[in-house]
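**Q** here is a sequence together with a model predicted from it:
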Amino acid sequence: MAVYVDGTTRLLVQNLTGREGSFHAMRNRAYGTNVVAGVSPGRGGQEVQGVPVFDTVSAAVEATGANTTLCFVPAPFASDAILEAAASPGMRLIVCITEGIPAHDEARVVNYLRQTTGVPLIGPNCPGVISPGKANVGIMPHEICLPGRVGVVSRSGTLTYQAVHELTTRGIGQSTCVGIGGDPVPGTSFVDVLSRFEADPETEAVVLIGEIGGEAEEQAAAFIKAHMTKPVVAYIAGFTAPPGKKMGHAGAIISGSSGTAAAKKEALEAAGAVVVTYPTEIGEAVAAL
Amino acid sequence: MAVYVDGTTRLLVQNLTGREGSFHAMRNRAYGTNVVAGVSPGRGGQEVQGVPVFDTVSAAVEATGANTTLCFVPAPFASDAILEAAASPGMRLIVCITEGIPAHDEARVVNYLRQTTGVPLIGPNCPGVISPGKANVGIMPHEICLPGRVGVVSRSGTLTYQAVHELTTRGIGQSTCVGIGGDPVPGTSFVDVLSRFEADPETEAVVLIGEIGGEAEEQAAAFIKAHMTKPVVAYIAGFTAPPGKKMGHAGAIISGSSGTAAAKKEALEAAGAVVVTYPTEIGEAVAAL
Amino acid sequence: MNLLEFQGKQLFARVGVPVPEGRVAATPAEARRAAEELGGKVVVKAQVRIGGRGKAGGIKVADEPQAAEEAAAAIVGMDIKGHRVNLVWVERATEIAAEWYVSFTLDRGVGRHLAMVSARGGMDIEAVAASDPAAVVRRHIDPVVGLAEWQATDLVYRAGLERAAARPAAATLRRLYRAFVDLDCDLVEVNPLVLTAAGEVVALDAKVTLDSNAFFRHPDFEAFREAFAEDPLERLAREKGLGFIKLDGSVGIIGNGAGLVMSTLDVVSLVGGAAANFLDVGGGAGAETISDALEVLTRDPAVRAVLVNIFGGITRCDLVAQGIVDAIGSRDLPWPIVVRLDGTNAPEGRAILAEAASERVIPAATMLEAAQRAVDLAGGR
Amino acid sequence: MNLLEFQGKQLFARVGVPVPEGRVAATPAEARRAAEELGGKVVVKAQVRIGGRGKAGGIKVADEPQAAEEAAAAIVGMDIKGHRVNLVWVERATEIAAEWYVSFTLDRGVGRHLAMVSARGGMDIEAVAASDPAAVVRRHIDPVVGLAEWQATDLVYRAGLERAAARPAAATLRRLYRAFVDLDCDLVEVNPLVLTAAGEVVALDAKVTLDSNAFFRHPDFEAFREAFAEDPLERLAREKGLGFIKLDGSVGIIGNGAGLVMSTLDVVSLVGGAAANFLDVGGGAGAETISDALEVLTRDPAVRAVLVNIFGGITRCDLVAQGIVDAIGSRDLPWPIVVRLDGTNAPEGRAILAEAASERVIPAATMLEAAQRAVDLAGGR
């Protein structure tokens, strides 16, 4: 079994009747993902290219045994949709693509899930997860993927594709690629995914793509040092980035010197990861492991 | 080690400077309970008969290592005080005597504790817990207790005393007596206490005091049937009680035929408990086990 | 505290739940004026804090003011299951397209809020629930976060409410839940919540029970009592802070703690007597509370003997004894008082009673003995 | 979106946090009138969205209207760290008994709200935090339930704020937290929050950052922009829905996704060039978005060459290519465009560009190659 998604995935698409929902659901289905249902309140009873649509998640799950959901619900309603999915018995993974969810909504939902159902949430504002050759749950361009034994995890959507592309063009396949998203309070952290890769017999090495801001890469470094036996190749974006949003003195007090690309690179290298300078070096570095 | 409280208990009293707080704190101390601190915001630095008072629970715990709290905070502020205690590292038991907490406050606090810290809460609106000869944390008149090997658990305050009195006057001692309180959403249920008594090597038999309303006795019966090896003697009050608050059709739909004294007695007897008719029979029934 | 229908509807209006326009009337003439002001067809409804008024003839439709006056004349003064009708509510008639049932309450079994919704609203919802449980959709709500939008929507679709009205129905559920929580209600029940011919969602009835423990947050709620036909004895007891319910027997009961008082009622019944009341002085009662409790019982001519059953904890037996002595000293109590004291400061309490040496006070060593003496003194059943 | 001080104070007033009375002024004459209306001693403060204005001379005390006019004359037009001062805030002076520091923000490291409170408020709080970390009390808040009363009280006592003011201080913390959450702020920082000589708690400064993702809940917040001195290029980009930041180099960068754009900046730098901007078209960009992005770059005379770096996912490369072709067709673009397309519908996109056969469009196979070509075309650094 792969990490997060595989042949046992029974996928529900929230807002299947939307433009992006239907486009990517059909792409995922074409890749072999078992897309069993859609949810759009008020559209229960309709179909989208043969996929039945329900008014509520509970009705969809009851009728189809969906165990994974892919959420394309617009930002003002997305946190409610995540809670709906999490409350459904048998739900084992929520992937939320939606970008632009208010930070307080996101913080409430992520903390509430941690405190209650514990159903893992990937995203929001992420490209989803793909286990090449098995299932694609998200918006990643699966054409660039190749089945194999390298796990990829990234905070950045398009940089994930770039990393996967670098691997595939060198003939290096991927076990699972996870885009955790770059939002302030992601449902899944680098550490969550690294621990799954470490435990996954189908993964032999890991590529980690980070960027400036926050402490996620520093936490990943601490985990790698303490718990990872598998090799890690990392790339960090943002060495020349303009300073981001100023968070007053509070931001400076919280973060201290952490959060810069240089600090993250240093932490990962100290933890034993190979940190490359160009994205194009990712494939070479993995090949050299 | 006894159930909930014993010689390792380091007791904090919330609202120690109040009339009831100081009266019962001193009684508990006189019984041998290790009363280490009190909390009354704005009175930090004062003392109550040698017990130091702090402004906040966190300060009290930091200074004294308190691990158990007894809450006498008035009803409008009691749920906040419970949350404060629960957030304190090292807190292992909260006993809340306060009566008249609004039902929605209570429901929020109890559910939040379950979802987060998991610190057990006894009460609110309860007489507390006593392990005779070891510690008294609450308002039970410890003069009527006798150290021994019968566990007592009750929803009713004064009926708890009555039950303990019946045991002691027949020379039957108690391991621990727990008043869980009769509020709509008690922090601790019969089942919670029964499972501790079942696991407690110092308890050989259990006395359970129930009353009309709710489903707590029915749930206790199910637990006794499935999990209890120790004998249980039960008494239920309210066979001739006037009908309580009408909860509309909703109440009737939820409860169906359960909730009456007769239904509770029947459920407990079916689970193998000895159910007595007079409170005075409690001692006789335990003696006859 | 159970509210009258029109009071519940006032609360619904506060949170934006639509209710029909109406007026309260205490007399047929007032009902006529109300009908004239409202215009058109009206419904005249008995205001009583008990269910089943429809079947009892307490709800009548009136096409014009004269009919409203006649309806009120028939309803005001009615006795519905022991409740006298003092007020009617005259409201504009609603054209009904569908009748639903909605309630929010606390499920004590799991300690969470419970929503119940049915597409088969109307008078016989309990029968529906019994014969076809699936027709009443039940969902628990986490009190920490409340009724989410998705959950209100789920309730509406799962209960099979009219699809075209799904949005306003879900919005109304959320408003009713807000009333339930923000106004500290133990129960909010609407039967029926109707869909009108015009597509609006309107609460045609309102059964609201307020949590009196939360009145410190809602000082205005006390005023609701003014419309109740409250028993004078119960009113006095409430004003004194005592838990009191009038019963049919001759033994007055005073105790501390609902459980002990209930148990005392049971024991009195088992030894052949019958309690005149349930009176709980609560925890931490002082001398004055006991004295007040005895005063309340003096207003009940059915009482022949009184049983004071106290097991002290937070309540101190010395204060209880002092209260009894004070009451005897200040009033001519018409009956003997059997007193059983145990627990906190019981020896001190017994000493106070012994010192007072009143022949009206009979000490008893146990609860059973106390019940037997009290029943004997009251002359049996 | 960072607010100006006076805008933050307007929001504080909405949630009941006391702020000194004041007026906005754009000219010395307006400042004089403001001081006359307020009466007595006033403070004239530069309104810029950057810290350190006090040290830069952007805050002056004025005893009477003439002095206020002179202060405003000195401040309006000042440049503070690259920010021109267009407005001053004239407010009644406050008699200060104690200065505290308070902030609420999100701690991304743990995904929870963070409160920071210090009894050593004033200008140099970062230095205090660095030299004496214990002087700044930090506590996480569970966003599910928010800042409880006990926690506000705990913050006040633990930070050692004046004991006599504990209640109003805790109440003010809870109101500021309410502003933080209910008004969807990324940051609420008050430095100093002061205790006045009269014993009141007043916010003397306000640093508020709004979460623009939540503006659908607060449509009035858009109006705050009117007072900003916004860069015209950045304003145009924002109006087109593009993430844009002006930089110093000559290579215009367009990409999809902040990570890929940042990486492109890094690669351009590594191969010896310098980016003229950061421009993220976001996810799901259509042809019009790309065309808009190119239009924005035409307004920047420093651009010598443009690099379009797209890895399609939710974005489709065919639409990107179409947008480039449309832009070339409708405008005379002054520079060559190096285009790198991969991912969703990349072959279709490359075919569209090949068919258009414009000499202004240079396809590149990889990101590195694209960066090298663009830097070459821009003439190096």
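**A** Arrived safely, thanks for sending. Residues are numbered from 1 along each chain as shown, chains lettered A, B, ... in the order given.

**Q** the residue of chain A found nearest chain D: how many residues sit nearby?
**A** Relative to chain D, the nearest point of chain A is A:Ser156 (2.3 Å; Cβ to the nearest Cβ). Backbone N, C-alpha and C define where each C-beta goes, glycine included. Counted with other Cβ atoms under 10 Å in any protein chain shown, the neighbours of A:Ser156 add up to 28.

**Q** what does the stretch 151-300 of chain C put close to chain A?
**A** C:151, C:153-154, C:157-158, C:163, C:166-167 (Cβ under 8 Å from any Cβ of the partner chain).

**Q** ok, which pair from the residues you listed is furthest apart?
**A** C:Gln151 and C:Arg163 (17.7 Å; Cβ to Cβ).

**Q** more crowded one of these two?
**A** In terms of neighbours (other Cβ under 10 Å), C:Gln151 is the more surrounded of C:Gln151 and C:Arg163; the figures are 26 against 13.

**Q** host element of that one?
**A** Element membership for C:Gln151 (DSSP states H and E) is helix C:149-158.

**Q** what subset of the residues of the stretch 151-300 of chain C next to chain A is buried?
**A** Neighbour counting with 16 or more other Cβ atoms under 10 Å in any protein chain shown marks C:151, C:153-154, C:157-158, C:166 as buried within these.

**Q** between the residues you listed, which is nearest chain D?
**A** The closest of these, once distances to chain D are taken by Cβ to the nearest Cβ, is C:Gln151, at 16.1 Å.

**Q** from what I can see that closest one touches C:Val137, true?
**A** No - shown here, C:Gln151 and C:Val137 do not form a contact pair, counting by Cβ atoms under 8 Å, at 11.2 Å.

**Q** can you tell me the SS state at A:Leu289?
**A** Using DSSP: H, G, I helix; E, B strand; the rest coil, the structure places A:Leu289 in coil.

**Q** name the nearest residue to it, sequence neighbours excluded.
**A** Using Cβ to Cβ, 6 or more residues apart in numbering or on different chains and skipping the chain neighbours, the partner closest in space to A:Leu289 is A:Pro231 (5.0 Å).

**Q** close to chain C: what parts of chain A are there?
**A** Residues of chain A that fall close to chain C, judged by Cβ under 8 Å from any Cβ: A:41-42, A:44, A:55-59, A:77, A:80-81, A:83-84, A:87, A:112, A:116.

**Q** contact partners for whatever residue of the stretch 1-150 of chain C ends up closest to chain A?
**A** Closest approach of the stretch 1-150 of chain C to chain A (Cβ to the nearest Cβ) occurs at C:Trp150, with a separation of 3.5 Å. Counting by Cβ atoms under 8 Å, 6 or more residues apart in numbering or on different chains, C:Trp150 touches A:56-57, A:80-81, A:83-84, A:87.

**Q** what count of nearby residues applies to A:Met228?
**A** Around A:Met228 there are 18 residues (other Cβ under 10 Å).

**Q** if I look at the closest residue to A:Gly173 other than its chain neighbours, how far off is chain B?
**A** Nearest residue to A:Gly173 in three dimensions, chain neighbours excluded: A:Gly148, at 1.6 Å (Cβ to Cβ, 6+ apart). From A:Gly148 across to chain B, the span is 40 Å (Cβ to the nearest Cβ, to the nearest Å).

**Q** is it fair to say A:Thr117 lies in a helix?
**A** No - counting by three-state DSSP, A:Thr117 is not part of a helix but coil.

**Q** quick one: it and B:Thr117, what's the gap?
**A** According to Cβ to Cβ, to the nearest Å, A:Thr117 and B:Thr117 sit 18 Å apart.

**Q** equivalent analysis for C:Glu91, please.
**A** Using Cβ to Cβ, C:Glu91 is found at 49 Å from B:Thr117.

**Q** looking at these two, which is more packed in?
**A** C:Glu91 (23 against 17).

**Q** ok, now which ones touch the more buried one?
**A** Contacts for C:Glu91 (Cβ under 8 Å, 6+ apart) come out as C:20-23, C:38, C:42-43, C:45.

**Q** right, is the helix of greatest length in chain C up against chain D?
**A** If you go by DSSP state H, chain C has its longest helix at helix C:166-182. No - Helix C:166-182 lies out of reach of chain D by Cβ under 8 Å from any Cβ, never closer than 14.1 Å.

**Q** show the average pLDDT along that helix.
**A** Helix C:166-182 comes out with an average pLDDT of 98.

**Q** go through that helix and flag the buried ones.
**A** Quick answer for helix C:166-182 (16+ other Cβ under 10 Å): C:166, C:168-181.

**Q** residue in the stretch 201-350 of chain C nearest to chain D?
**A** C:Arg217 (13.8 Å).

**Q** quick one: neighbours of that residue, just the number.
**A** Applying other Cβ under 10 Å, I find that C:Arg217 has 14 neighbouring residues.

**Q** now the closest residue to it other than its chain neighbours: phi and psi?
**A** In this structure, C:Arg217 finds its nearest non-sequential neighbour in C:Asp184, 6.4 Å apart by Cβ to Cβ, 6+ apart. Main-chain torsions, C:Asp184, degrees, to the nearest 10: phi 50, psi 60.

**Q** my read: C:Asp184 touches B:Pro102, true?
**A** Yes - at 5.5 Å, C:Asp184 counts as touching B:Pro102 under the criterion of Cβ under 8 Å.

**Q** okay, and the common contacts of these two?
**A** C:211, C:213-214, C:217.

**Q** turn those residues into TSV, columns for distance to D:Val361 and pLDDT.
**A** Converted to TSV, the shared contacts of C:Asp184 and B:Pro102 look like this (distance: Cβ to Cβ, whole Å; pLDDT from 0 to 100):
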residue	distance to D:Val361	pLDDT
C:Asp211	71	96
C:Asn213	74	95
C:Ala214	70	97
C:Arg217	68	97
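
**Q** pLDDT of the host helix or strand of A:Ala267, averaged?
**A** Per DSSP H and E: A:Ala267 is located in helix A:261-270. Helix A:261-270 shows a mean pLDDT of 95.

**Q** which strands and helices sit next to it?
**A** Judged by 3 or more Cβ pairs under 8 Å, 6 or more residues apart in numbering or on different chains; DSSP states H and E, the packing partners of helix A:261-270 are strand A:205-211, helix A:216-227, strand A:232-237, strand A:274-276.

**Q** and it, what's buried?
**A** Here helix A:261-270 shows A:261, A:263-265, A:267-268 as buried, counting by 16+ other Cβ under 10 Å.

**Q** which stretches of the stretch 151-289 of chain A have low pLDDT?
**A** A:242-248, A:251-258 (pLDDT under 70).

**Q** please apply the same query to chain C.
**A** Ranges of chain C meeting pLDDT under 70: C:380-381.

**Q** thinking again about what came up before, among the residues of chain A next to chain C, which ones are buried?
**A** By 16+ other Cβ under 10 Å, those give A:41, A:44, A:55-59, A:77, A:80-81, A:83-84, A:87, A:112, A:116 as buried.

**Q** also near chain D: which of those residues, exactly?
**A** A:Tyr112.
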